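Q: heads up, no residue letters with this:
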């Protein structure tokens, strides 16, 4: 049933009471990211009807972070629709298998490279990929784990010529059923979404506004990756929301903005100068900053360990205790 544009406050109160009596929540559905303490600061996770943006430098793991959130949502029983402009379906599956193995076996898990080789091999096994990954490292169990939530994890192979915001909405509408929570929508990434405008800032504005409207209309959470602009790509310091391409619209429309930075690049100079061993240690961590959060606190700096050989991050993070700076400090 289409929502009415105007509703009385009495109706809202009655609807909330009715939901409470039925053991349901009248508020937004919350989809945990699975990253701690990020979920705590976000009030439980990503919320239906809201747009969350994820930005950061190239090669720092934005897709890895978003894919891991999507995996956690699917594992929790939610549907996920992943619009992948950067990777094909097999690559997404490969990364998820490596992630699952890492979560189960830790340092002894098969690497992402090993999983890729097993996927690419022409050798046949009666047990398929699980058979080719049998043995130490947990590869076979990881394949089975992906299969358990595979029906809930939907991958849309997107491209910049055909996948517009309208196309995204059409796909998502097919899974946004009334009565149940809709899917978590992940867009990787915003600047690749097709739009007719010639100016990049105008295109980004149109797309981000459409994604926000989609979140509200279909009552689903949308997580979209955003690329940095030329200034952001050239910066030797900390990337902020104003470094994102089309930043004015992005900062205004988004309900949540998460920015990733390499800890080594943003930690204050004295942490490196007076303890040289910190330099190598800091390279292994990413700082996730909650730059905007309409439902809670912002300007919060959290840190999570990179485990890129398994295509994942350690989900057990913490708040950053060191002083951070916007200026890149070189000690070499």
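A: Sure, I can see it. This structure is a prediction, so every number in the text was calculated from the model and none was measured.

Q: for the stretch 201-332 of the chain, give me the ranges with low pLDDT.
A: 229-237, 245-247, 271, 273-278, 327-332 (pLDDT under 70).

Q: make it 50
A: The stretch 201-332 of the chain contains residues with pLDDT under 50 at 232, 329-332.

Q: can you map out the helices along it?
A: Ranges of helices in the stretch 201-332 of the chain, per DSSP state H, counting those that start in this stretch, are 230-234, 247-253, 263-266, 270-273, 277-282.

Q: quick one: mean pLDDT for stretch 40-56?
A: Mean per-residue pLDDT for stretch 40-56: 94.

Q: ditto for stretch 96-113
A: 92.

Q: quick one: the host helix or strand of residue 18 to chain centroid distance?
A: Assigned by DSSP states H and E, residue 18 falls within helix 9-21. Distance, stretch centre to chain centre, for helix 9-21: 33 Å (Cα atoms, centre = their mean, to the nearest Å).

Q: next SSE after it?
A: strand 30-31.

Q: buried residues in the helix or strand following that following strand?
A: Downstream of strand 30-31, the next assigned helix or strand under DSSP H and E is helix 38-41. Buried residues in helix 38-41, counted by 16 or more other Cβ atoms under 10 Å: 38, 39, 41. Any C-beta I mention is one placed from the backbone N, CA and C, and that applies to glycine too.

Q: name the helices or strands packed onto helix 38-41?
A: strand 285-293, strand 300-307 (3 or more Cβ pairs under 8 Å, 6 or more residues apart in numbering; DSSP states H and E).

Q: what is the closest residue to residue 215 other than its chain neighbours paired to in the beta sheet?
A: Excluding its sequence neighbours, the residue lying closest to residue 215 (Cβ to Cβ, 6 or more residues apart in numbering) is residue 222, at 4.5 Å. Beta bridges link residue 222 to residue 51, residue 185, judged by DSSP bridges.

Q: so residue 222 sits against residue 185, correct?
A: Yes - assessed by Cβ atoms under 8 Å, residue 222 is found in contact with residue 185 at 4.6 Å.

Q: re earlier: could you dump the buried residues of helix 38-41 to JSON lines with distance to residue 13?
A: Below are these laid out as JSON lines (distance: Cβ to Cβ, whole Å):
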{"residue": "38", "distance to residue 13": "32"}
{"residue": "39", "distance to residue 13": "29"}
{"residue": "41", "distance to residue 13": "29"}
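
Q: and residue 8, how many neighbours?
A: Using other Cβ atoms under 10 Å, the number of residues around residue 8 comes to 9.

Q: can you pull the pLDDT of it?
A: 76.

Q: cool, and residue 89?
A: 94.

Q: look up how far residue 185 lies from the residue lying closest to it once chain neighbours are set aside.
A: Nearest non-adjacent residue to residue 89, counting by Cβ to Cβ, 6+ apart: residue 155, 4.8 Å away. According to Cβ to Cβ, to the nearest Å, residue 155 and residue 185 sit 12 Å apart.

Q: so those two - more neighbours on which side?
A: residue 185 (29 against 21).

Q: tell me how many other residues crowd residue 167.
A: 15.

Q: give the contact list for it.
A: Contacts for residue 167 (Cβ atoms under 8 Å, 6 or more residues apart in numbering) come out as residue 194.

Q: just give me the residue closest to the centre of the chain.
A: residue 66 (2.2 Å; Cα atoms, centre = their mean).

Q: in what helix or strand does it lie?
A: Using DSSP H and E, residue 66 maps to helix 62-75.

Q: so how far is the helix or strand just after that helix off the chain centroid?
A: Moving toward the C-terminus from helix 62-75, the next helix or strand (DSSP H and E) is strand 80-84. Distance of strand 80-84 from the chain centroid (Cα atoms, centre = their mean) equals 11 Å.

Q: got it, and stretch 306-323?
A: The gap between where stretch 306-323 is centred and where its chain is centred comes out at 14 Å by Cα atoms, centre = their mean.

Q: list the buried residues of it.
A: The neighbour-count check on stretch 306-323 (16+ other Cβ under 10 Å) flags 306, 307, 308, 310, 311, 312, 313, 314, 315, 317, 320, 322 as buried.

Q: okay, and which of those residues map to strands?
A: Using DSSP state E, the subset of the buried residues of stretch 306-323 located in strands is 306, 307, 312, 313.
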